[in-house]
Each structure stands twice: as structure tokens, then as C-alpha cells.
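Peer 1: Have a look at this prediction, sequence included:
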Amino acid sequence: MRHFLSTEDWTRGELQALIDQARVYRDAPFSNVLQNKSIALVFFNRSLRTRASFDIGAKQLGAHALVLDAAGTWPIEVLDGAVMDGDAEEHVKEAAKVLSRYADIIAIRAFPKFENWALEKQDPLITAFAKYADVPIINMETIVHPCQELAMMMAAQDNLGATDGKKFLLTWTYHPKPLNTAVANSALLVASKFGFDVTLLCPTPDYGLDDHYMSAATENAAAQGGSLDVTHDIDTAYAGADFVYAKSWGALPFYGNWKAEKPIRDSYKHFIVDEDKMAETNDAWFSHCLPMRRNIKATDGVADSPRSLIIDEAENRLHVQKALMTHLALQVGA
Amino acid sequence: MRHFLSTEDWTRGELQALIDQARVYRDAPFSNVLQNKSIALVFFNRSLRTRASFDIGAKQLGAHALVLDAAGTWPIEVLDGAVMDGDAEEHVKEAAKVLSRYADIIAIRAFPKFENWALEKQDPLITAFAKYADVPIINMETIVHPCQELAMMMAAQDNLGATDGKKFLLTWTYHPKPLNTAVANSALLVASKFGFDVTLLCPTPDYGLDDHYMSAATENAAAQGGSLDVTHDIDTAYAGADFVYAKSWGALPFYGNWKAEKPIRDSYKHFIVDEDKMAETNDAWFSHCLPMRRNIKATDGVADSPRSLIIDEAENRLHVQKALMTHLALQVGA
Amino acid sequence: MRHFLSTEDWTRGELQALIDQARVYRDAPFSNVLQNKSIALVFFNRSLRTRASFDIGAKQLGAHALVLDAAGTWPIEVLDGAVMDGDAEEHVKEAAKVLSRYADIIAIRAFPKFENWALEKQDPLITAFAKYADVPIINMETIVHPCQELAMMMAAQDNLGATDGKKFLLTWTYHPKPLNTAVANSALLVASKFGFDVTLLCPTPDYGLDDHYMSAATENAAAQGGSLDVTHDIDTAYAGADFVYAKSWGALPFYGNWKAEKPIRDSYKHFIVDEDKMAETNDAWFSHCLPMRRNIKATDGVADSPRSLIIDEAENRLHVQKALMTHLALQVGA
């Protein structure tokens, strides 16, 4: 039995097969291939696209999505051997095993708590769910966002064709809050796995991503004949880019100490993706995972331009997740 | 493509066709006419009837309802060109366009904020959804409540037969909080459009409704051969009424300044619909949109009498909304 | 028309028939026996298993579950004749009658408020729903938890065979909060109805259960040839037990005065179910309704042992509730 926790555990070929199946579903959305199957969607954080696309996607395949919100269920303990005298009412052991008796797939959204990166980079909740569940687990965003990776790659391929050797720019952008690195980690992982020459643009080394993802992306690049570079120079980064992907995140050295990071972050508002920067690219496509603060992360001109793929990428969530649910529920080709 | 934002955009004949189809569905509730269709129900406010009747109604037609609550999704910006450095994480542009990729209809409940009527009477959120969505939008109550209008008219016709020339009384009633004028606006619009002689009873001119709805109802009355009158005299209002519809709302001149309005409103508790007042009518039918504070807006005696249509009107929500979803999803006869 | 408010209203034979049907559904989960039926699940409190198992169970029978949370609907008044000038916006009369027009069954979870036991032991909310609804009501846990009773008995029979004359121990355990007596009341009711020799172990007479349930269980025992004993001695209680069921609750004499009870309860942490205690039994099966605080109510060793039925009992919720929904919606054999 296989989980979908991170694309790190999946080969390029396997991911491409999911994207290919997603295109089949885009053309022919409705079937009963997952008749009598149920998927439990467990949300510890907000969601629009993920919730809507999994729910409607399951229905389009004849399956049923059960939506559970953290506010409606019990606070969960993840540590083995815990003496549960705190806030948690339910151990993940029981939550995972009980849901496995009811549903055929369990999908989890659980953002980090932004308190202790050394702990949170272990992704303890979804890791525990995967350990105890008897059915496949799908990551709906924790410290990576692998469903978004598939949706982005589908949009990239639809517009660029083969991505090997094309230039992928992941640019940090400003945001008033210190956000999760999940989508940034994921963008590095998938772009490098699909042979892009990847550039990470961020204001300073403090805004670099965790070594784990940098190493994984470097290995991917080596295996696929691509490259991974980091720069802090905006002009260098944009020059010749074929695909510009924007995301904001808080600086990891300040993790849990965000007040100190705030004035630093505030000084980098000029990393916004705007028409001038896009003009330096190779007529690049632009995308972002949504939600996106307009005129903070990208200008209206960029977001609304014919080269913007933000809505297509969001639509692709529906298609790739249908491919993923089918694959995991039927465990074909795994 | 057509939205259902307000009955102002729909002719009497079109609305009658929806009510007629609702009666067909009342007799034969189950079909697959909307197989493979999905409707996204987006709730920015509480709901019992709307949520339940849309969800179950969609299912009865073979469709699927996706329920989204504001608390589970992202705070939304509606202004074009906004620099999104405040609380909003998502622009309505993306929310509307992405949901349009997943669902066939989007329904929105978004009450006004009770702060600034000049702004809120523009109904900015649903207007923006309608501007950017690529699928039909249904109003599940904003500053009007057109689904309730259909349900009320269906109940009125079921019990009065033809409504032309019958006397419709919309009476203001007390409520401890300053409520939305939506249902009151809507009652005027639909009663006047269906040829009633309409009387609006309210304590003082300050409790009158917005000029926009008074003008629209006056035009409707002129076109249909009915009338619209305003009175502050309870006896005059009830005399000879065929249909009594109760609703409470806050006085618009005090909009956003509700503390000043509170003692004024508190002095009009005697506007409650009671057996004595009903005795002055032409054995009138009574109704209300629900929820209704018993013994505040109407006495138990009125609410529980055989002339009370409150449960029938609520049931009709199911039928009329099924007719509406079918009409919009299939865009037949539009 | 019949409700499922408490097993007190159902005979042993009727309950056994539900369990037997649950086993049929365990072997053959999928059908369309409830096609076109809808069940409204109304949650005034949190839930994992109840929400998931009713929702997925309904779907597996071709029915549709509508999930309503108190936070998304209107505050409800239960008193007849109330002048509704407080927080409540909706009277249960309307809520029950309107939902009856949309759905074929209404299920309610409404824990007591832990303020006034004399009032709350009347179970006012679900009692009012049952009074006004025109469709069957299912209790999803109020001051009893009859669905859990069926699930527990199904697990007990699956592992013990006939339960008459077997020794059932209901043991109070510690919990940092004063919990509901519902599952404890229910365990007494069902174990006595199925002929167990029942022992209630609790620290002191203050931790005894309400006389109503003690009397009902005593009557059950007399009718079924079993017994009901209360003890405060741990060794006596565990000796020879065949089935150990754990639950924590607050002491009723301190109801609404929980600060005074807290230090007393804190002194009984040694009531935890552990391997030493289980060694005194007749190789007993262990179970608990979940969620369960590990190493507070039972040790990991007990919870994870091959004699632990906690996951099986939770799974049985799915099966017994499907049997119950079928029975009530079709009203066969009632």
C-alpha cells in the first residue's frame, strides 16, 4: 500500500502517469470508477481549492468525500506513549485506525505551527497518520504540497511542452505574514524532478529553504540533467526565465521568533512580480498556488495577463487529484 | 448566461414558470436531470433552511452540493485594484473563477455588515462574484432574498389562488437586534410583481425601506395594476388584509449607529403580530421567512394557527430552488 | 412512527435484530435500499466517529447525509411558550418541522451543558425535537448514547458469544475534565438488557450514576436473569470479569460546581485500566467508546493488546447505524 505524502517518494515516471491520467479526466470527467469508495478529507487549516476540488472530484468518479474540520472533531495527540493529560482528547492511533475502517483514503491538511522548525520539519501529524492508517494517506499540504506540484507541472507542460532544460524561476515575494514554506519546497522538488534549470530567488541567505529540500532538488537536478541555483539578484534571476512561480515564506532562522523577522521581511516588498520584471524573461508563463494577495505578491497586470496560469493551475487540482485518488484507491500500477 | 441575484432582473412570467416547475418537483421529487452537475454553496453567514434545502434539493436531482463556510475558507477582497495588505488573503476574482472551473452554479449568502448602508446597498460581494464567475450565481440572501420570494409566492398562490388585487401586508415587527432589510425588500418586490395591493406598515418613516426598493415596487405595482402604500397605523394596515407577512429590521437612518436606534426600536414592541390584529384582517394567511422569535415577532397563537404558512413556505424553499438550479444549470427558456 | 432516543424504549429482541442486520451490512456493505432518502445530522458538539460513520453509512445505502453544525445554524429555543428575547433565534418547533419537510430522519448530538442536572436530565433539546418532528429522531449522544450501545454489544457478542451470565465491568476512570455520564448510563442499560452480570466500579458513592439509570438497569437485570452491583473496591470489581468497559465522568452531586469536584477527582487517577488490573480478570475483553486519553483512562498496553476492541467497536458504529437508519426510514418490523 502506498501513500502520497511527498513527491520525493515517487518517480518522475509515476508522477507523469498521474498527470497523463489527469488529462484523460479533463477530457472525460465523469465515471463510476470509484463507486462505493469514500475519502475522508481532514482539514486542520482553511482551504478553498483543496476542499472544493477533492469533494467535487470524488463525486465525479462515483466516490464520496467526507469533510472533517478540526473544529468539529477532537484535538489530536501524535506522540507515542504520551500521557494524555493536556488538551488532546484523541490519539492519532485511534483517529487513523478508525477512519481506515470507514474510508478508503484519508487526506490530511495540517500546516506547521510556526513555533519550532526542528520539530515541525518532521511533519509529525501526517507521518503519524501514515504510520497507523490502514488505507492510503494523501497530503493536502503540510510542509510540502505535492498535489499542487502536480497541478503546476500539468499547467507548465500544457504551455511549455517538455520542460527539460527550460528555465524555472521560484521567486520569494513579500507577504505581511510569515507563511509556510510548503509550496516553495514543493516547487523546487517538482521543477527539479522534471528537468527544469531551477533558480531560487530570495532576498538573502536567511530566506533560503531548508537544506533537506535543497539537497533533494540538487539530487533531482543531477539525475535529470537540470540544475539548481540560488541568487539574491532580481535581474539575474528573471533573465531568460520560461516559467516564473511566486511564493512568500518566513525566514527559517527566525522560525518561532517572527517579530524579529517582520521588519526585515518588510524591507523586501520590491520582490513583487511586476510587468517590468516579467519583461526581462523569455516571455515567461507566470503562476502561483492561490490564494494570492494581489499587488503584494504580484501586480494585477501580471496576474491578469494572458501569460498567467493561476486559474488553469487551480483547475488542474481537480484533474490531478482525481487521477491520484483513482491510483491510490485501486492501487494500480503502484 | 443568467444569474439569479434579484427578482428585479426576472419577469413575472419567468418567476411564475419557476414556481410552476417547483410544483412539478413537489409532486415528483426525484430525478437525474442534474446528473454530473455540482453547485458550490458559499456561506458567509449562518443558515438552516437554505443550507439544508439546497443540499438535499441538489441530491434529489442527481446533482452534488459542495458546502463552503467562510470560517473554513479565506477572507475575501472585493475591490478591483486593491493592494491586499489587510486581512483578505484571496481576491474574489480568483475565488469566482476557480469555483467556476469546479462547479456549475455558485450560490452565495453574504449579509451586509451593518456599518455603511451607502456602500452595502451596492451588494459588493455577490456583485463581484457575478462579475467574475463563468457560471450562474444564485443569491442565498444578501440585501435581498429572492429564493425566499419564490417560496412565499408559491405558498401565497397555493392558498389564495390568483394574487392580483388581493391585499398583502408587510408589517415591521420588533426584534432585539437591528436586522437585515433583505427579506422586507424582497417581500415588496415580489408581492408588487404579482399584482398584490401592497401595504407596508412600519412604526415611523425612519423604518421605511430603501428608496431603491420602494421605487421598484411602485413600478411593479403600476405595471401589474396593483398598488403600494405605506402606513404607520396598525389598524388601517391590518383591515381587510389577505396575507400578512412579518419581518423586523433596523432603521436605515441609524445604519451603523445602532446604539442610538435601540431605545427607539424598543418602544415598538407592540407591532407584534397577534390574534387581535389578525382578527381585523380578511381571515388572512400569515407567514414569515424563519427563523422567527416567537412571542416577539408573532405570538404562538398566530404562528401555530391553521392560517400560518411558515412551515409550508420553508418547505417551498426546497421546491423552488430545485426549479431554479435546473433552470440555471441547463439554461433552458432563459 | 418510532424514534431512537434511548434503548429504554426498545426491547432486547428489537435491539438484537438491529445488531443482526448490522452483521449483514458488514458482509455486504453496498446497496440502494435507502435511495432518495436523506438524513439530517445536527451536531451541537464535536464528533469524529459519529459524523464519519453516519455520513459514509448513509452513502453506502444510497442515501444522503446532510451535516449541520450548531455554529453554522441558529441558536435554538426549546421551551414552549417562551418569549424569545434572549440569544435563541429559532424555536425547536420550526427547526424540527422544517427539517422534517426536507429529510427522512433527523439525528441529534446535544451534550448536556454541565450546569443543572435536574434540568438536563430531562434531555430537553432532543425531547423537543422528538415532540415536534414528523420524521424519526436518532440520538447521536445526549445524556445517553444508544448508538454506542449497539456497537459495543455487537463487539461483545462477536467475541464472547452469548452474553447472559457473563461478567461485565463498567469502571469509572480519571479524566482531567468532568465528562458526560451518557456512555456510562448507556453501558449499564445495554449490558443489563443483554443479560450480563453487571458491576459498576467507581471511587465513592458520589461517582454513582443517576438513579434513573440504576433503576432501569436493575429492572433489566431482573427481567433478563442478570444482576447489577456497585462497588468501590478495584480488586473485587476486576476479579473474574469477562468484559471491561472504561469511562470517565464527573460526580453528579457536584454538577455545576466542578471546581469543588476537581481535587476529589484528581485523587482517583489510580482507577486507570492497566495490565495489572486486567490480569485479575477472566482474560477479559477491553473496550472504550473513543476518544480515549491514553495512559490516563487506560494504558497503552491495555489499549493496544489483542484483547482490546476499541477499533472494532468504533467500526461497528458504521454497521449498526446503517441498520438503524434502514429500520427507521422504512419503519419495517417496528
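Peer 2: Nice, I can see it.

Peer 1: Tell me the residues of the stretch 1-150 of chain A that contact chain C?
Peer 2: With Cβ under 8 Å from any Cβ of the partner chain as the criterion, the stretch 1-150 of chain A meets chain C at residues A:36, A:38, A:40, A:64, A:66-68, A:71-74, A:77, A:80-85, A:88-91, A:93-95, A:97-99, A:101-103. All C-beta spots, glycine's among them, are computed from the backbone N, C-alpha and C.

Peer 1: I only care about those that end up buried; give me the ChimeraX line for that.
Peer 2: Per 16 or more other Cβ atoms under 10 Å in any protein chain shown, the buried members of the residues of the stretch 1-150 of chain A next to chain C correspond to this ChimeraX selection:
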select /A:38,40,64,66,67,68,72,73,74,77,82,84,88,89,90,91,93,94,95,97,98,99,101,102,103
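
Peer 1: Looking at the residues of the stretch 1-150 of chain A next to chain C, which are in helices?
Peer 2: When these are checked against helices (DSSP state H), the matches are A:93, A:94, A:95, A:97, A:98, A:99, A:101, A:102.

Peer 1: what's the closest non-adjacent residue to the fourth one?
Peer 2: The spatially closest residue to residue A:97, leaving aside those adjacent along the chain, is residue C:311, at 4.9 Å (Cβ to Cβ, 6 or more residues apart in numbering or on different chains).

Peer 1: Show me what the helix or strand hosting that neighbour is packed up against.
Peer 2: Element membership for residue C:311 (DSSP states H and E) is helix C:310-330. Here helix C:310-330 touches helix A:92-102, helix C:12-27, helix C:49-60, strand C:105-109, strand C:137-139, helix C:146-160, strand C:285-287, going by 3 or more Cβ pairs under 8 Å, 6 or more residues apart in numbering or on different chains; DSSP states H and E.

Peer 1: ok, and the closest non-adjacent residue to residue A:95?
Peer 2: Closest to residue A:95 by Cβ to Cβ, 6+ apart is residue A:76, at 5.8 Å.

Peer 1: State the pLDDT value of that neighbour.
Peer 2: For residue A:76, the pLDDT comes out at 96.

Peer 1: Same check on residue A:332?
Peer 2: On the pLDDT scale, residue A:332 is placed at 52.

Peer 1: Ramachandran angles for residue A:289?
Peer 2: Main-chain dihedrals, residue A:289, degrees, to the nearest 10: phi -80, psi -20.

Peer 1: burial measure for it, as a count.
Peer 2: 24 (other Cβ atoms under 10 Å in any protein chain shown).

Peer 1: doesn't residue A:313 make contact with it?
Peer 2: Yes. Using Cβ atoms under 8 Å, residue A:289 is in contact with residue A:313, at 7.2 Å.

Peer 1: Identify the contacts common to those two.
Peer 2: Common contact partners of residue A:289 and residue A:313 (Cβ atoms under 8 Å, 6 or more residues apart in numbering or on different chains): A:148, A:152.

Peer 1: okay, now the domains of chain A?
Peer 2: If you go by automatic domain parsing, the domain ranges for chain A are A:7-144+A:317-330, A:148-313.

Peer 1: can I get these in JSON lines with distance to residue C:6?
Peer 2: Shown next, in JSON lines, are these (distance: least, Cβ to Cβ, whole Å):
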{"stretch": "domain A:7-144+A:317-330", "distance to residue C:6": "24"}
{"stretch": "domain A:148-313", "distance to residue C:6": "47"}
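
Peer 1: ok, now which ones touch the residue lying closest to residue A:239 once chain neighbours are set aside?
Peer 2: Counting by Cβ to Cβ, 6+ apart, residue A:239 lies nearest to residue A:280, which is 5.5 Å off, once chain neighbours are set aside. Neighbour list for residue A:280: A:235, A:238, A:239, A:241 [criterion: Cβ under 8 Å, 6+ apart].

Peer 1: So which of the residues you listed are in helices?
Peer 2: Judged by DSSP H, helices contain the following of the contacts of residue A:280: A:235, A:238.

Peer 1: which among the contacts of residue A:280 end up buried?
Peer 2: The neighbour-count test (16+ other Cβ under 10 Å) marks A:238, A:241 as buried among those.
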